[in-house]
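**Student:** Sequence and computational prediction follow.
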Amino acid sequence: MTFNELNIISPILSALDAEGYKNPTPIQEQAIPILLAGKDLLGCAQTGTGKTAAFAIPILQLLDAAHAERNHRHIKVLILTPTRELAIQINESFGAYGRNLKLKHTVIFGGVPQGAQVQALQKGIDILIATPGRLLDLMSQGYISLKDLSIFVLDEADRMLDMGFIHDVKKVVAKLPLKRQTLFFSATMPPEIQKLANTILVNPEKVEVTPASTTAETIDQAVYYVDKKDKRLLLNFVLRDPKIKMALVFTRTKHGADKVVKELHKVDITAEAIHGNKSQNARQRALSNFKDGRIRVLVATDIAARGIDVDSLTHVINYEIPEVPETYVHRIGRTGRAGAAGIAVSFCDDEERTDFRNILKLIGKQIPVIEGHPYPASGSGQLTINPPKNKQVVARPGAVPGAGNGNVRRRPTGSPRSFDKR
């Protein structure tokens with residue numbers, strides 16, 4: 001199927017063509033007709049599935065068809081999202097897809113002075129992308145009215161819950177007009193999120209694309225078993241591979257992210273950290289430097305990384321295993337986006353084996369083990385977690401995902417499969 005077959009208007013089709021979009025992803029193919037018909041939608045889709053375009057395209061078309069008043073603009077659409085980075089990304093997407101339309105949009109978030117955001121609001125906008133805290137703040141100051149709202153999008157609802165924003169979300173929902181179209185997106189559906197969806201949606205259509213417990217088939221995954229004290233050395237070893245042009249490295253803590261950056265600088269690897277203790281300007285500068293290739297490695301915590309969308313990102317490295325299994329799916333979903341290939345490797349120490357075992361149970365597959373590297377786990381020897389029969393995973397000594405000096409192999413059956421996919 002092509003975007004032409006989804007009854008999308010020519011100005012948007014032209015914009016999509018300029019962006020290089022030819023064929024809709026599964027969630028776009030399913031969601032766009034539903035939204036153009038004015039129905040509520042419950043979307044369950046993991047990161048990297050093309051979700052933003054799935055709601056941005058029909059929203060732009062619906063607003064354009066409504067012939068919104070150009071001189072006296074009122075907020076017709078609200079997209080509520082958990083992080084500043086994701087809000088900025090969504091705002092950029094509306095700008096790209098709506099470049100040929102006369103609709104106005106802006107983004108508001110905390111951590112920066114509100115002056116410029118207030119000025120944009122006062123000029124009049126059709127579409128508002130916001131994080132919960134700053135939205136409620138500016139509403140309480142009288143700068144934002146939602147009485148003319150016709151479409152409400154709640155994005156990344158499960159992350160809202162993780163970050164403690166669920167009560168703010170409920171406050172916002174209480175101020176919305178009852179008559180509206182509501183779009184609800186979440187990568188996972190824990191009971192509290194399902195309950196919230198039931199309270200704000202009216203006879204919704206449901207679209208589920210790749211359960212959140214699974215990882216994209218386009219992402220090659222592998223794990224290194226390593227002692228905690230040797231992770232720094234292993235990271236340096238892996239990054240020696242010149243084919244790894246850029247890598248997103250995940251840590252559990254802000255302090256850990258800063259520490260990894262310092263260690264990388266010692267071996268002349270350009271890197272910056274992005275986490276909640278960084279100012280908004282610092283976070284945006286680090287992300288821009290990463291996208292533009294001025295730094296090779298971006299080290300991030302989970303909350304800060306949810307909105308990172310880099311089309312050319314080939315490698316994700318889990319320097320520390322996440323405690324929440326679903327977080328692993330979100331992390332590695334930063335690569336292999338929208339059908340592209342990607343590589344994700346994890347460093348697992350002895351204390352993290354339980355967390356890693358929970359990840360394997362969640363995704364329902366065995367992750368290949370890289371053996372023969374210079375920093376193998378000591379003590380209990382090489383770790384395995386119930387590998388399927390005939391699927392023992394080995395690697396040539398020194399093999400590094402993405403390198404040309406070895407590959408991961410399954411034996412005794414199957415042909416060699418190189419990690420060098422790009």
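**Tutor:** On my side now, so go ahead.
**Student:** Excluding chain neighbours, give the residue nearest to residue 230 in space.
**Tutor:** Of all residues not flanking residue 230 in the chain, residue 375 sits nearest, at 4.0 Å (C-beta to C-beta, 6 or more residues apart in numbering). (Each C-beta comes from the backbone N, C-alpha and C, glycine too.)
**Student:** so the one you found makes contact with residue 232?
**Tutor:** No - counting by C-beta atoms under 8 Å, residue 232 is not a contact partner of residue 375; they are 9.6 Å apart.
**Student:** Run through the stretch 101-250 of the chain and note the low-pLDDT ranges.
**Tutor:** 210-214 (pLDDT under 70).
**Student:** before we move on, what about the stretch 301-422 of the chain?
**Tutor:** Where the stretch 301-422 of the chain drops to pLDDT under 70, the residues are 303-307, 337-340, 379-422.
**Student:** all strands for it, in order.
**Tutor:** 315-318, 342-348, 391-395, 408-412 (DSSP state E, counting those that start in this stretch).
**Student:** residue ranges for the strands of the stretch 1-150 of the chain, please.
**Tutor:** Assigned by DSSP E, counting those that start in this stretch, the strands in the stretch 1-150 of the chain fall at 41-45, 77-80, 105-108, 127-130.
**Student:** Figure out which of these is closest to residue 190.
**Tutor:** For residue 190, the closest of those is strand 41-45, at 11.6 Å, according to C-beta to C-beta.
**Student:** what's in contact with that closest one?
**Tutor:** Strand 41-45 has contacts (C-beta atoms under 8 Å, 6 or more residues apart in numbering) with 27, 31, 34-35, 51, 54-55, 182-189, 197, 201, 204-212.
**Student:** Filter the residues you listed down to the buried ones.
**Tutor:** Buried members of the contacts of strand 41-45, counted by 16 or more other C-beta atoms under 10 Å: 27, 31, 34-35, 51, 54-55, 182-189, 197, 201, 204-205, 207, 209-212.
**Student:** Could you dump the strands of the stretch 1-150 of the chain into a markdown table with mean neighbour count added?
**Tutor:** What follows is the strands of the stretch 1-150 of the chain, written out as a markdown table (neighbours: other C-beta atoms under 10 Å):
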| stretch | mean neighbour count |
| --- | --- |
| strand 41-45 | 23 |
| strand 77-80 | 24 |
| strand 105-108 | 23 |
| strand 127-130 | 26 |
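**Student:** Next, check the contacts of strand 41-45 against the helices and list the overlap.
**Tutor:** Of these, the ones assigned to helices by DSSP state H are 27, 31, 34, 35, 51, 54, 55, 197.
**Student:** would residue 152 count as being in a strand?
**Tutor:** Yes - Residue 152 forms part of a strand when assessed by DSSP: H, G, I helix; E, B strand; the rest coil.
**Student:** Spit out the contact partners of it.
**Tutor:** By C-beta under 8 Å, 6+ apart, residue 152 lies in contact with 77, 78, 80, 173, 176, 180, 181, 182, 183, 200.
**Student:** Is it possible to get JSON lines of those residues that adds distance to residue 271?
**Tutor:** JSON lines is the format used below for these (distance: C-beta to C-beta, whole Å):
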{"residue": "77", "distance to residue 271": "38"}
{"residue": "78", "distance to residue 271": "36"}
{"residue": "80", "distance to residue 271": "32"}
{"residue": "173", "distance to residue 271": "40"}
{"residue": "176", "distance to residue 271": "42"}
{"residue": "180", "distance to residue 271": "44"}
{"residue": "181", "distance to residue 271": "43"}
{"residue": "182", "distance to residue 271": "41"}
{"residue": "183", "distance to residue 271": "37"}
{"residue": "200", "distance to residue 271": "41"}
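**Student:** ok, so of those, who is nearest residue 240?
**Tutor:** Distance to residue 240, by C-beta to C-beta, is smallest for residue 80 among the contacts of residue 152, at 42.9 Å.
**Student:** My understanding was that the closest one contacts residue 128; is that so?
**Tutor:** No - counting by C-beta under 8 Å, residue 80 sits too far from residue 128 to count as a contact (9.1 Å).
**Student:** Would you mind listing the residues touching both of these two?
**Tutor:** Contact criterion C-beta under 8 Å, 6+ apart; residues shared by residue 80 and residue 128: residue 135.
**Student:** Return the per-residue confidence for the nearest residue to residue 204 once chain neighbours are set aside.
**Tutor:** The shortest distance from residue 204 to any non-neighbouring residue, by C-beta to C-beta, 6+ apart, is to residue 40 (4.0 Å). Per-residue confidence (pLDDT) for residue 40: 97.
**Student:** that older thread, can you tell me which of the ones in helices among the contacts of strand 41-45 is nearest residue 237?
**Tutor:** Here the nearest of these to residue 237, counting by C-beta to C-beta, is residue 51; it sits at 35.5 Å.
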